[in-house]
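K.L.:
sharing a model that was predicted from the sequence below.
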Amino acid sequence: MLFELLLICLGFGILARAQNNPGFISIDCGALNGHLDENLTIYYTTDVGFVESGQNMQISPKYFNQISSMQRLLNLRSFPNGTRNCYTLQPKQGKNNRYLIRASFLYGDYDNKFQGPTFDLYIDANYWVTINPSSYMYEEVIYYPSRDYIQVCLVNLGLGTPYISVLELRVLDNSTYVASGALGKWYRDNIGSPMAYRYPQDTYDRIWDGSTDDGDLLPITNTTTIDNMSSTSAYKVPVEVLMTAERTSNASYSYRYSWRTNSSNDVWYIYIHFMELQMVQQGQVRQFQVAINGKALTTVTPEYLKPVTVASLPTSGNNRMNVTITAMSQSTLPPFLNAIEVFHAIDLPNSPTHLDDVTGINSIKTIYGVAIDDWQGDPCVPVFFIWSFLNCSKDDTPRIISLNLSSSNLKGSIATSFSSLTALVSLNLSGNNLNGSIPAVLEKKMADKTLQLSLDGNPNLCRQDSNCNQDRSKKKNTVVPAVAATVGSLALVFFLICAIVVIRKRRKKIEEINTGSMEVTASKEPRSKEVSEPSTGTGFNEGRLVIGKNRPFTSAEVLSITATFRTVIGEGGFGNVFLGTLDDGWKVAVKVLSQSSKQGYKEFQAEAQLLMIVHHKNLVSLIGYCEDFDNMALIYEFMPNGNLRQHLAGNTSNVISWSQRLQIAIDAAQGLEYLHNGCRPSIIHRDLKTSNILLNENMQAKIADFGLSRVFMMEDGCQISTQPAGTPGYLDPVFNTGGNLNKKSDVYSFGIILFELITGQPAILRSPTGTIHIVKWVTPLIKGGNIQKIVDPMIHGQFNSNSIWKAIEIAMQCVQPIPVQRPDINHVLLDLKECLATQVGRGKRQGMGDHSMKSTFGMTASLEALELAPDAR
């Protein structure tokens, strides 16, 4: 009995200690129940309440024995759905405090695929690190949030399903680890000891890795028992870590700690911890200078058993970093080192969306139970993760300016949360089951013409100036004679029968006019009735456009907004594109069908159908339409920076840098990837070229001109029609030999665009002696290896050569003569993102050498294949 009581008391003691962790959030991701880690005396909770998506999984049983003492690693949470899935942490200390955040990963063959995935981690709206674990790994960041919450997001790159095993947050002292951005941990070494430590030895639960030297360095230890020594410094380095060190053999030798960087642009923060472990005898002196890459940082005269931390200034500019500790001339004792922490700066370029908008949209999401995969994380940033069905401003602090929740099965009254979205200029709530009155704030904005509010299809809504309760009472007290009800019902049935007959006749006409029409659903927008029901969203009604719920324009309005077709800003096979201005001052592009072009009319029909059902931030957006036969037109968002070809040809004063070119390529690849993989059935563009890539005011690229696009149903992605299409120079060479167009044909065109971005040359180069295709022109230059002859001179040498060669390799893979040898666009997109990361100095830590070797091999193989390729059309 006494023994049982002792065990109970011991259990309560451990639990009390575990709960005495202020500033700790410890999540065992994927666990069914919380549990106490008795070794760490930390209680790990489940991830319920921290994340909205994902699946609980368990590692393969064959690994259980290896990690039996670490229960937190037995489970994990995987995220097979959605691109971005986020955990939300809300520490009690709130914003403007410094936190250590650690994410741990153990794949453990949980899915029996024997291949771990590769994915990105984001902290709030900014990139943190790429995860590619072959075994157990963790990543740490020190972060100073501007909001009371922190979001850690896993981003699917198309290279396997993201997952996470453990997520931990620890509050730090605000006077420590001061930096302008976030700090990613590179090293944290316990010098002179093989032992690793974390909580409870480390108050902040930092993980210290053991580090010993088998060379000329000599260990120093001190076994003196000291209580609460770590509390004398804000950094609170554990006693166990400080009581060991390494020194040089004598004062004439310097202590050097070094590491190789990924790029000379990397910015480093270094924290060096000293404590004298030996009693300095009379006549002896220990004093040394700390320098980083040869620049003196400070001089240290350590005192016995008193910890000192030396924090460096942000340092960069070298491919190898060296911390050197050198004895001063008067020193008789050699230099030493107890512990060191190395961090690399993580840029935080994206400011979060305005807090009122974040609060409002998340409140709307909760109230109506909106379940959309990509409604996680920040709603507006980064721009490539912007939430579906809303648009944001381009301000430094983005605002939500439009929201479309039509046909979303919203029920109940209109929430006051809509009123908190004060920057809204467009709100579409039509086609739902909303009731009650319209909030006064929204009605006022409608009256002021500062908000375009759509509420059609909500029969139970009423305005503020009417008495909703009285109206309902009147309905209840109204007595309708039975005979009248019967007559009304018969009339309704008769009307429906007539409507069905008319609709069937019209559908027959639609099929005769447009035999290629079929239902196309955008997989990211399953809620929209206009997407899933072709009778209300696609097709033609007796030759007239039926374009869902896009704003209609009359012929007179088209004439007015274009000032009677005054300014031509583009042209195509269908007719001209004119600059227009709406009543509110917004610029638009108006594409008008030429009455003299039968080919253009068909292209116009196809483009209208596609724009009604595909929506993506990197595809041109349809604002409205005009279905008058005199002026049949589509109205788009205006792209003030024109098309990509204009910039590459030097027709503008704006010279786009290599980083901008890579971002444009990524934007275009994202739009194409959505057409290929985000729509069901898939869509091929068939006329991808630099003049069809438009640039907005922020140089964000969007794919335009869907007039030649087609949908296809075959599993291999083959296009059924072989009618001529595309533009010379961009068209897949297999088409000239009788082949069909498919996704890989778009990839070929995209490769030509990449070569144009790299070289600045057009797809077909013309000279007095004739013409030559860009692939034929660039291939011998690539073989010669002279990058200066390849790269557009307008870039003025401002590029990372590794990034250029990587882009060349990607382009060559895209234009391989055999379509099956070309990569899918999702792989191209991933490679381009890595290419941009190399350019901006954000390469990965591991595998850089191996990657270069593979790249060289791939380039050689691509060149050999291109030598046998037929001429492109």
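P.N.:
Structure received.

K.L.:
quick one, domains of this structure?
P.N.:
Domain assignment for the chain by automatic domain parsing gives 21-172, 186-346, 355-468, 534-637, 644-867.

K.L.:
tabulate those (a markdown table), appending mean neighbour count and mean pLDDT.
P.N.:
Backbone N, C-alpha and C define where each C-beta goes, glycine included. A markdown table is the format used below for these (neighbours: other Cβ atoms under 10 Å; pLDDT from 0 to 100):
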| stretch | mean neighbour count | mean pLDDT |
| --- | --- | --- |
| domain 21-172 | 18 | 94 |
| domain 186-346 | 17 | 92 |
| domain 355-468 | 17 | 92 |
| domain 534-637 | 18 | 71 |
| domain 644-867 | 19 | 79 |
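
K.L.:
out of those domains, nearest to residue 179?
P.N.:
Proximity to residue 179 (Cβ to Cβ) singles out domain 186-346 among those, at 5.6 Å.

K.L.:
what's the span of that closest one from first residue to last?
P.N.:
12 Å (Cα to Cα, to the nearest Å).

K.L.:
chain center to that domain: distance?
P.N.:
38 Å (Cα atoms, centre = their mean, to the nearest Å).

K.L.:
for stretch 346-353, same thing?
P.N.:
Between the centre of stretch 346-353 and the centre of its chain there are 12 Å (Cα atoms, centre = their mean).

K.L.:
would you mark the buried spots in that stretch?
P.N.:
Within stretch 346-353, the residues that qualify as buried by neighbour count (16 or more other Cβ atoms under 10 Å) are 346, 348, 350-353.

K.L.:
straight-line length of it, end to end?
P.N.:
Start to finish, the residues bounding stretch 346-353 are 20 Å apart (Cα to Cα).

K.L.:
what of stretch 393-411?
P.N.:
Taking Cα to Cα as the measure, stretch 393-411 stretches 28 Å from start to finish.

K.L.:
next one: that stretch to chain centre, how far?
P.N.:
19 Å.

K.L.:
about what we covered before: any chance of JSON lines for the domains of the chain, columns distance to residue 178?
P.N.:
Rendered in JSON lines, the data for the domains of the chain read as follows (distance: least, Cβ to Cβ, whole Å):
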{"stretch": "domain 21-172", "distance to residue 178": "8"}
{"stretch": "domain 186-346", "distance to residue 178": "8"}
{"stretch": "domain 355-468", "distance to residue 178": "24"}
{"stretch": "domain 534-637", "distance to residue 178": "36"}
{"stretch": "domain 644-867", "distance to residue 178": "22"}
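
K.L.:
for those, which one sits closest to residue 180?
P.N.:
Counting by Cβ to Cβ, residue 180 lies closest to domain 186-346 out of these; the figure is 7.6 Å.

K.L.:
just to revisit the earlier point, between the buried residues of stretch 346-353, which sits nearest residue 423?
P.N.:
The shortest gap between residue 423 and any of the buried residues of stretch 346-353 belongs to residue 353, at 10.2 Å (Cβ to Cβ).

K.L.:
which residues does that closest one contact?
P.N.:
Shown here is residue 353, whose contacts under the criterion Cβ atoms under 8 Å, 6 or more residues apart in numbering are 125, 378-381, 392, 397-400.

K.L.:
how about it, nearest residue that isn't a chain neighbour?
P.N.:
What sits nearest to residue 353 in space, not counting adjacent residues and going by Cβ to Cβ, 6 or more residues apart in numbering, is residue 380, at 4.3 Å.

K.L.:
doesn't the one you found fall inside a helix?
P.N.:
No. With DSSP: H, G, I helix; E, B strand; the rest coil as the criterion, residue 380 is coil rather than part of a helix.

K.L.:
state the distance from it to residue 566.
P.N.:
Distance from residue 380 to residue 566, counting by Cβ to Cβ, to the nearest Å: 35 Å.

K.L.:
where does the nearest residue to residue 451 once chain neighbours are set aside sit, in terms of helix or strand?
P.N.:
Counting by Cβ to Cβ, 6+ apart, residue 445 is the residue found nearest to residue 451 once chain neighbours are left out, at 3.7 Å. Mapping residue 445 onto the secondary structure by DSSP states H and E places it in helix 440-447.

K.L.:
of all the buried residues of stretch 346-353, which comes closest to residue 753?
P.N.:
Nearest to residue 753 among the buried residues of stretch 346-353: residue 350, at 26.6 Å, using Cβ to Cβ.

K.L.:
how about residue 131, what does it touch?
P.N.:
By Cβ under 8 Å, 6+ apart, the neighbours of residue 131 are 105, 117-121, 137, 139, 162.

K.L.:
residue 261 against residue 320, yeah?
P.N.:
Yes. Under the criterion of Cβ atoms under 8 Å, residue 261 is in contact with residue 320, at a separation of 6.7 Å.

K.L.:
ok, and what's touching the helix holding residue 445?
P.N.:
Where contact means Cβ under 8 Å, 6+ apart, the residues beyond helix 440-447 that reach it are 414, 416, 418-419, 424, 427, 451, 453, 463-464.

K.L.:
quick one: distance of that helix to the chain centre.
P.N.:
Distance of helix 440-447 from its chain centroid, counting by Cα atoms, centre = their mean, is 35 Å.

K.L.:
after it, next one along is what?
P.N.:
In the C-terminal direction from helix 440-447 (assignment by DSSP H and E), the next one is strand 452-454.

K.L.:
partner strands of that following strand and their direction?
P.N.:
Each strand pairing with strand 452-454, determined using DSSP bridges, is listed with its direction: strand 426-428 (parallel).

K.L.:
next helix or strand past the strand it pairs with?
P.N.:
Elements were assigned by DSSP H and E; along the chain past strand 426-428, the next helix or strand is strand 433-437.

K.L.:
what's that following strand packed up against?
P.N.:
strand 411-413, strand 460-462 (3 or more Cβ pairs under 8 Å, 6 or more residues apart in numbering; DSSP states H and E).

K.L.:
quick check: can you name the pairing partners of that strand and their directions?
P.N.:
Here, using DSSP bridges, strand 433-437 pairs with strand 411-413 (parallel), strand 460-462 (parallel).

K.L.:
much appreciated, bye for now.
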